[in-house]
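>>> build me a model:
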Amino acid sequence: MAFKVFQSVVQRIRDTIGYDFGITDSSGVIIASTVEEEIGLVHDDCVDFLNSNSTYVEKSDMVMKKIDNNGRLDFVLYLLTNHPDRKSLAELISISMENAKLYYDEKYDKSNFMKNVLLGNILPGDITIRAKELRVKNDCRRIVYLVRTEKTRELYAYNIIQSLFPNNSKDYIILLDDQNTVLIKELKEKEDSDEIHKKARIIIDTLSSELMIKANIGIGTEADSLRDVARSYKDAQTALKIGQIFESEKNIVDYNHLGIGRLIYQLPTTLCRLFLNEVFKEGVFETIDSETMITIQKFFENNLNVSETSRQLFIHRNTLVYRLDKIQKITGMDLRKFDDAIYFKVAMMVKRYLDDVSK
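Numbers count the residues shown, from 1 in each chain. Presented below is the predicted three-dimensional model:
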């Protein structure tokens, strides 16, 4: 990737000075050149120059200059000209290459640094020091979006997210694997939860319309400093996991709005099984067919309203009453009563959790 940066700079300088030149690595292989056909070939004169103690050599039609970084030899510049000011030209080109390398290293190191912060691979005490070196703001509001897509070998999802948030100095997009991409978004001063959710919706809709890819997003808690970014990422992971179990129909799950699912997820499975056995006798839950389960879910969605539920299910009100009576006979609970409905709702969620654990 750094070589592409060099090649772009080389071509622009060539257009300005009008002379051919190239850059080799520390073994003499050409990595950037105004003559693109040379890239990948070994430059014999540069190899000889590398084996010498000289830092600058002039020949009749060419000059060569070693480019080092903090005392370490990185590259060799060769410039094809006999112009009287060729030494000054070589010096200016060397400075341009050093700056291009510095720009690339800083950009790459920032992303790598943020990835290590995200994954908790850097000690808290080192985060502040490294952030200052890379000129990354430490104390500012950030939020972590964990974007999970269908498996793909391509980086299209990553590219789409990058195009939506192109500000590399404030926002960081990190590709974790072929399914998971993380956006670390810097928040504006007055940006609230509604704005945070709008950005998640934009990502979902863009991936769907541009690539026909289904995606789910977990939103972490707000991070006030870089040290909190790892926690926000873990919260985003937890949000996706809990959402997958209890609210699979949702494609955006916020850690701050997990409801009772958060409580159940943190309970020991032995306690969950005890509760489930207390609510349902053995084998009772399995006797409830899919049609009855849909009826129950729709009844809960409509706040136990019989008339509205029957209307949405396109059935007669008496048919729904018959089904509710049937459920009462099977389970011993009348879902028209608030207490029984609460027991049943929680029991359904506990059953989903146990089923997920046993996978």
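>>> for burial, what's the neighbour tally of residue 314?
When neighbours are counted by other CB atoms under 10 Å, residue 314 registers 7. (Each C-beta comes from the backbone N, C-alpha and C, glycine too.)
>>> hmm, I typed the wrong one, I wanted residue 102.
Residue 102: 11 neighbours (other CB under 10 Å).
>>> am I right that it is in a strand?
No - if the criterion is DSSP: H, G, I helix; E, B strand; the rest coil, then residue 102 is helix and not within a strand.
>>> read off the pLDDT value for it.
Looking at residue 102, its pLDDT stands at 75.
>>> state the distance from it to residue 95.
10 Å (CB to CB, to the nearest Å).
>>> repeat for residue 48
25 Å.
>>> then residue 335?
Counting by CB to CB, the separation of residue 335 from residue 95 is 77 Å.
>>> and those two? Which one has more around it.
residue 335 (21 against 11).
>>> contacts only, for that one.
296, 299, 304, 324, 327, 328, 341, 344 (CB atoms under 8 Å, 6 or more residues apart in numbering).
>>> one more time with 6 Å
The contact partners of residue 335, taken as CB atoms under 6 Å, 6 or more residues apart in numbering, are 324, 341.
>>> cool, and the one 4 residues further on?
Residue 339 is in contact with no residue at all, counting by CB under 6 Å, 6+ apart.
>>> what's the helix or strand for it?
helix 338-357 (DSSP states H and E).
>>> so, low pLDDT: which residues of the stretch 1-150 of the chain?
Within the stretch 1-150 of the chain, the set of residues satisfying pLDDT under 70 comprises 1-4, 70-71, 105-108.
>>> can you map out the helices along it?
Using DSSP state H, counting those that start in this stretch, the helices of the stretch 1-150 of the chain run over residues 2-17, 44-50, 86-118, 124-134.
>>> packing partners of the first one?
Think helix 2-17. Under the contact criterion of 3 or more CB pairs under 6 Å, 6 or more residues apart in numbering; DSSP states H and E, helix 2-17 touches strand 30-33, helix 86-118.
>>> again, only using 8 Å
Secondary-structure packing of helix 2-17 (3 or more CB pairs under 8 Å, 6 or more residues apart in numbering; DSSP states H and E): strand 21-24, strand 30-33, helix 86-118.
>>> check which residues of that helix are buried.
For helix 2-17, the neighbour count (16 or more other CB atoms under 10 Å) marks 5, 6, 7, 9, 10, 13, 14, 17 as buried.
>>> start to end distance for stretch 241-259?
End-to-end distance of stretch 241-259 (CA to CA, to the nearest Å): 14 Å.
>>> give me the residues contacting it.
193, 196-197, 200-201, 204, 214-221, 235-236, 238-240, 261-262, 264-265, 349, 352-353, 356.
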